[in-house]
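**Q** Here is my input, please return the structure:
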Amino acid sequence: MKLLLATRSSHKAGEAARILADEAEGAPAVLALDEAGIPRSEAEDGLEPHESFEENAASKARYFGRLSGQPTVADDSGLEVDALGGRPGVRTKRFAPPGRYPGLARDEANNQHLLDLLDGLPPGRRGARYVCVACLFDPTSGDTVHFRGEAPGRILTRRRGSGGFGYDPIFLDEETGLSYAELSADEKNERSHRGKAFRALAAFLRE
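**A** Numbering: from 1, shown residues only. Below you'll find the model as predicted:
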């Protein structure tokens with residue numbers, strides 16, 4: 001069995017493949033969109049218009065599942081910050097205002113924007129959580145199943161570590177005292193929102 005992972009992010013594809021391989025003997029091979037030979041199209045830019053992770057994940061899974069004819073899993077994930085009323089949420093990847101931080105890559109601009117918004121807040125008011133919702137779509141039946149994972153933490157006042165991606169350098173795992181960018185790949189998979197969601201998916205596939 002092959003499972004299409006509806007992402008063009010090599011980071012996400014690598015994490016998902018490792019998690020599924022670790023959780024189940026004979027786990028399905030995971031193919032990212034580029035590996036499956038599915039070319040990028042403008043339609044992809046409009047697949048996440050919704051206000052919930054669940055709806056966005058289902059939108060992507062259905063689109064690519066119908067396009068490929070293969071069982072497809074898509075995830076929508078993001079960061080919810082308590083002091084910002086749950087923002088950036090589904091806008092996590094597009095959080096920094098365009099043009100606000102010239103010269104910075106998107107991840108760096110998003111991190112800086114969040115640090116600016118929380119500037120001066122004490123540790124007790126910097127609570128946050130990573131959220132991941134994975135949606136499995138079966139193009140034969142048209143059925144979808146959702147798997148949700150959450151990882152609590154806190155936003156640091158400065159970047160720490162060189163691993164990970166996205167907000168990992170400023171997201172503190174309070175149990176270990178390390179930022180997600182300081183965790184090893186195995187430690188991150190064990191603790192992360194994506195790890196929890198995809199382990200739930202792996203358990204479902206085993207059944």
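
**Q** Tell me the bridge partners for the residue positioned nearest the centre of the chain.
**A** The residue lying closest to the centre of the chain (Cα atoms, centre = their mean) is S77, at 3.7 Å. For S77, the beta-bridge partners under DSSP bridges are C132.

**Q** show me the residues around it that make contact.
**A** Under the criterion of Cβ atoms under 8 Å, 6 or more residues apart in numbering, the contact list for S77 reads F53, T92, Y130, V131, C132, V133, H193, R194, A197. Glycine gets a C-beta too; all of them are placed from N, C-alpha and C.

**Q** Phi first, then psi, for the first one.
**A** This points to F53. According to degrees, to the nearest 10, the main-chain angles of F53 amount to phi -60, psi -40.

**Q** one step back: sort the contacts of S77 by pLDDT and name the bottom one.
**A** The weakest per-residue confidence within these falls on R194 (88).

**Q** can you pick the most crowded of the contacts of S77?
**A** Top of the contacts of S77 by neighbour number is A197, holding 28 neighbours under the definition other Cβ atoms under 10 Å.

**Q** All the strands of this structure, residue numbers only.
**A** Assigned by DSSP state E, the strands in the chain fall at 2-5, 29-32, 72-81, 127-137, 144-155, 171-173, 178-179.

**Q** Mind exporting the C-alpha coordinates of the fourth one to CSV?
**A** It stands for strand 127-137. This file holds the C-alpha atoms of strand 127-137, laid out as CSV (Å, rounded to 0.1, in the frame of the first residue of the first chain):
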residue,chain,number,x,y,z
GLY,A,127,1.5,29.8,26.9
ALA,A,128,0.9,28.3,23.5
ARG,A,129,0.3,25.0,21.8
TYR,A,130,1.1,23.4,18.5
VAL,A,131,-1.9,21.7,16.8
CYS,A,132,-2.0,19.2,14.0
VAL,A,133,-5.0,17.7,12.3
ALA,A,134,-4.4,14.9,9.8
CYS,A,135,-7.2,13.8,7.5
LEU,A,136,-7.2,10.5,5.7
PHE,A,137,-9.3,10.4,2.5
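
**Q** helices and strands around that strand, which ones?
**A** Contacting strand 127-137 under the criterion 3 or more Cβ pairs under 8 Å, 6 or more residues apart in numbering; DSSP states H and E are the following elements: helix 53-68, strand 72-81, strand 144-155, helix 193-206.

**Q** Looking at those, which is nearest to S9?
**A** For the helices and strands packed on strand 127-137, proximity to S9 was assessed by Cβ to Cβ; strand 72-81 is nearest, at 10.0 Å.

**Q** Run a quick neighbour tally on the residue nearest to L104 when sequence neighbours are not counted.
**A** Taking Cβ to Cβ, 6 or more residues apart in numbering as the measure, L104 lies nearest to Q112, with 6.5 Å between them; neighbours along the chain are not counted. Taking other Cβ under 10 Å as the neighbour definition, Q112 ends up with a count of 16.

**Q** now swap in L67 and tell me
**A** The tally of other residues near L67 (other Cβ under 10 Å) stands at 17.

**Q** So it sits against I38, correct?
**A** Yes - using Cβ atoms under 8 Å, L67 and I38 qualify as a contacting pair, with a distance of 6.7 Å.
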